[in-house]
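Student: no FASTA, just this:
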């Protein structure tokens, strides 16, 4: 299983590139807009020297230290600018200069606006693509994936981590490119004025960048810790909201509030550590920038005294150098902020690279007869062996109950039947085909599952029953509800089957939720029904109603029932008794009572406690 620490910036770039590639047209458009922005931005400063000469007179000799190619470029640039700006009449020149400066700022503003719009479209588009891909990948994982992670961690991954990663990705595509382009244009203009002064400036800037580079490892570490802290408080928030009845019922609000407060305080502490390092970056950047300006001013002043550079060229150089500080500052800060994005990206990449333990076979299960053979199954979870050499058969049309004390392995057996996990040894066969060879989708479609923990969605009753069917059959919805003894109470609701039942179906009673869950299982027209302690959490009246529904549902159907209350399975065709991971005995209710074994003991204990 890949770990976030396994990923480098380069490997993450390779992983994220496929998400960015489909947006190449937007990236190209953004690049053109950024090029125009950078050019307009630089030209505003580059025409300072011609403007200076136009207003105050003078010539424009190129410094002797400037290479011949740069001298030629500078001469050509001056010629073009002068032809646009300078007119025979002084007042016409002033007018030309005003119009050109205004035009450059209009181009600068428009291209920046367009660049921002394109960046937003890129950011939202890439984020949607990453989030959708991650969601699909998470839903394809086996149950082992979810048992190793807190729900809040998964939620934080899809929301916080993807958002941070995406922001870093778009910044690298748009902001860095725009500022890097501006930087190159500025450097070319500086070279055209004085190679000597440019080299001094670049040398000082590189020294500052090397110092700043030493901060990036710390920022990546702090970014990783911030993401982990964010996942912790997201998990606590999710657990508290889901368990709010327990929290309020037990009066433990102060405990969960303190826990949440401690976790958010932990996040703040990590964020402050990150900010302390981030705060050093502009200080270092500004210090070295001012050092470059002062150095150029000093050396340039000496050059001016010797006649190697004109006052207008020196002023232009200083203006350009001052303007150069902005893109350098943005680039450095963006790279620093990307370290947290790299940490978030490592979390996302590690999940995307994790392969599910349960893989689908290729054999279509739908034509096969629903007869299941469990052969010598052993299953270990962690260091605990849950099932030990378990073998039994479920015949078509038979109702088989799995009973036993808590932890005996009966619910684990259901997980194996649904291929949430695979046994370490032994096999489970549908007819004579090992279920590991079956197509997972068609195999699981054979089952209708009703569990103790009823999971309903904040949607209409109709959509909950027909879950997963985009073209729901209303007649089948109502038929399923009728068989599940749910139609009567659904029809009595103000909006009937279109009634929204609230988060987790909390607007319904426990018995009503369970009957809707049974209707949902029936709607799929399953060949095999699985009931996992479907009535154990209900009161006596609700249990009777749900049990009546189950009894009607089981007629002429293959079914497996895991039950704690033995009174609910007395009519099962066969009862398989689990004891410490093994099958202790099996038979009908009366046969097992007559044996006087484990089942008879459990039966005596339950009925003794109820009298």
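Tutor: Great, that's in hand. This structure is a prediction, so every number in the text was calculated from the model and none was measured.
Student: for the rest of this, base every contact and every neighbour count on C-alpha atoms.
Tutor: Noted.
Student: nearest to the spatial middle of the protein, which residue is it?
Tutor: The chain has residue 158 as the residue nearest its centroid, 2.2 Å off, counting by CA atoms, centre = their mean.
Student: is that residue in a helix, a strand, or coil?
Tutor: Classification of residue 158 using DSSP: H, G, I helix; E, B strand; the rest coil returns helix.
Student: ok, for it, nearest residue in space, not its chain neighbours?
Tutor: residue 131 (6.1 Å; CA to CA, 6 or more residues apart in numbering).
Student: tell me how far the helix or strand hosting the one you found lies from the chain's centre.
Tutor: Per DSSP states H and E: residue 131 is located in helix 90-139. Relative to its chain's centre, helix 90-139 lies at 27 Å (CA atoms, centre = their mean, to the nearest Å).
Student: list the buried ones in the next helix or strand after that helix?
Tutor: Downstream of helix 90-139, the next assigned helix or strand under DSSP H and E is helix 143-147. Neighbour-count burial for helix 143-147, counted by 16 or more other CA atoms under 10 Å, picks out 143, 145.
Student: now do helix 143-147: distance to the chain's middle.
Tutor: 17 Å.
Student: swap in stretch 351-370?
Tutor: Counting by CA atoms, centre = their mean, stretch 351-370 comes out at 24 Å from the chain centroid.
Student: start at 2, not 1
Tutor: All set: I'll call the first residue 2, so the last point we hit is now stretch 352-371.
Student: so for it, mean pLDDT?
Tutor: In this model, stretch 352-371 carries a mean pLDDT of 87.
Student: figure out the length between the terminal residues of that stretch.
Tutor: 35 Å (CA to CA, to the nearest Å).
Student: who touches it?
Tutor: The contact list for stretch 352-371 (CA atoms under 8 Å, 6 or more residues apart in numbering) reads 2-3, 135, 138-139, 141-143, 145-146, 396-397, 420-423, 431-432, 437-444, 447, 528-529, 559.
Student: check stretch 294-302 too.
Tutor: 198, 201, 202, 310, 315, 319, 322, 323.
Student: list the buried residues in it.
Tutor: Applying 16+ other CA under 10 Å to stretch 294-302 flags 294, 296, 297, 298, 301, 302 as buried.
Student: wait, is the last one part of a helix?
Tutor: Yes - residue state for residue 302 (three-state DSSP) corresponds to a helix.
Student: distance of residue 514 relative to residue 482?
Tutor: 12 Å.
Student: quick check: which ranges of the stretch 102-251 of the chain have low pLDDT?
Tutor: Residue ranges of the stretch 102-251 of the chain with pLDDT under 70: 243, 246-247, 250-251.
Student: compute the first-to-last residue distance for stretch 578-596.
Tutor: End to end - CA to CA - stretch 578-596 spans 12 Å.
Student: any idea of the mean pLDDT in that stretch?
Tutor: 90.
Student: and stretch 471-478, by the same measure?
Tutor: Mean predicted confidence for stretch 471-478 is 86.
Student: what's in contact with that stretch?
Tutor: Under CA under 8 Å, 6+ apart, the answer for stretch 471-478 is 463, 464, 466, 467, 520, 524.
Student: for the third one, give its distance to residue 350.
Tutor: It stands for residue 466. To residue 350, residue 466 is 36 Å away according to CA to CA.
Student: those two: who's more crowded?
Tutor: Set residue 466 next to residue 350 and count neighbours by other CA atoms under 10 Å: residue 466 wins out with 26 against 22.
Student: need the contact list for that one.
Tutor: So residue 466 contacts 478, 517, 518, 520, 521, 522, 524 (CA under 8 Å, 6+ apart).
Student: mind giving me the packing neighbours of the helix or strand hosting residue 514?
Tutor: Element membership for residue 514, per DSSP H and E: helix 511-524. On a contact count with 3 or more CA pairs under 8 Å, 6 or more residues apart in numbering; DSSP states H and E, helix 511-524 meets strand 448-452, helix 462-466, helix 475-484, helix 541-554.
Student: now it, how far from the chain's geometric center?
Tutor: Helix 511-524 has its C-alpha centroid displaced from the chain centroid by 32 Å (CA atoms, centre = their mean).
Student: got it, and stretch 136-144?
Tutor: Distance, stretch centre to chain centre, for stretch 136-144: 12 Å (CA atoms, centre = their mean).
Student: just the buried residues of it, please?
Tutor: Quick answer for stretch 136-144 (16+ other CA under 10 Å): 138, 139, 142, 143, 144.
Student: surely residue 508 meets residue 502?
Tutor: Yes - using CA atoms under 8 Å, residue 508 is in contact with residue 502, at 5.2 Å.
Student: out of these two, which sits in the more crowded spot?
Tutor: residue 502 (19 against 14).
Student: what's the spacing between that one and residue 494?
Tutor: 10 Å.
Student: again with residue 104
Tutor: Applying CA to CA, the value for residue 104 to residue 494 is 67 Å.
Student: so between these two, which is more surrounded?
Tutor: Using other CA under 10 Å as the criterion, residue 104 and residue 494 rank with residue 104 on top: 14 against 11.
Student: contacts only, for that one.
Tutor: By CA under 8 Å, 6+ apart, residue 104 has no neighbours at all.
Student: so where do the strands sit in this structure?
Tutor: Secondary structure of the chain (DSSP state E): strands at 373-382, 385-395, 400-405, 426-431, 434-435, 448-452, 529-533, 559-563, 575-580, 583-588.
Student: closest to residue 18 out of those?
Tutor: Comparison of those against residue 18 by CA to CA identifies strand 373-382 as nearest, at 37.7 Å.
Student: name every strand pairing with that closest one and say which way it goes.
Tutor: strand 385-395 (antiparallel), strand 426-431 (antiparallel) (DSSP bridges).
Student: and that strand, what's buried?
Tutor: 373, 374, 375, 376, 377, 378, 379, 380.
Student: name whatever forms a beta bridge with the first one.
Tutor: Going back to what we said before, that points to residue 373. Here residue 373 sits in beta bridges with residue 395, residue 431, as judged by DSSP bridges.
Student: how about the nearest residue to residue 282, chain neighbours excluded?
Tutor: residue 213 (6.3 Å).
Student: the one you found: how many residues sit nearby?
Tutor: So residue 213, with other CA under 10 Å, has 20 neighbours.
Student: quick check: it touching residue 283?
Tutor: No - counting by CA under 8 Å, residue 213 does not reach residue 283; the two are 9.3 Å apart.
Student: residue 120: neighbouring residues, count only.
Tutor: Other residues within reach of residue 120, judged by other CA under 10 Å, total 21.
Student: thought the residue nearest to residue 159 was touching residue 161?
Tutor: No - at 10.6 Å, residue 132 does not count as touching residue 161 under the criterion of CA under 8 Å.
Student: how far away is the nearest residue to residue 260 once chain neighbours are set aside from residue 410?
Tutor: In space, residue 260 comes closest to residue 237 once its chain neighbours are excluded; the distance is 7.9 Å by CA to CA, 6+ apart. Residue 237 is 30 Å from residue 410, where distance means CA to CA.
Student: list just the nearest of the contacts of residue 466 to residue 155.
Tutor: residue 518 (25.5 Å).
Student: so the closest one versus residue 144, what's the distance?
Tutor: Distance from residue 518 to residue 144, by CA to CA: 21 Å.
Student: hmm, back to that, neighbour count: residue 237 and residue 410, which is higher?
Tutor: Each of residue 237 and residue 410 has its neighbours counted (other CA under 10 Å); residue 410 has more, 25 against 20.
Student: and the more buried one, what does it touch?
Tutor: 387, 388, 579, 580, 581, 582, 583.
Student: list the contacts for the closest residue to the fifth one other than its chain neighbours?
Tutor: Nearest in space to residue 581, with sequence neighbours left out and distances taken as CA to CA, 6+ apart, is residue 409 at 4.7 Å. For residue 409, the contacting residues are 387, 579, 580, 581, 582, 583, by CA under 8 Å, 6+ apart.
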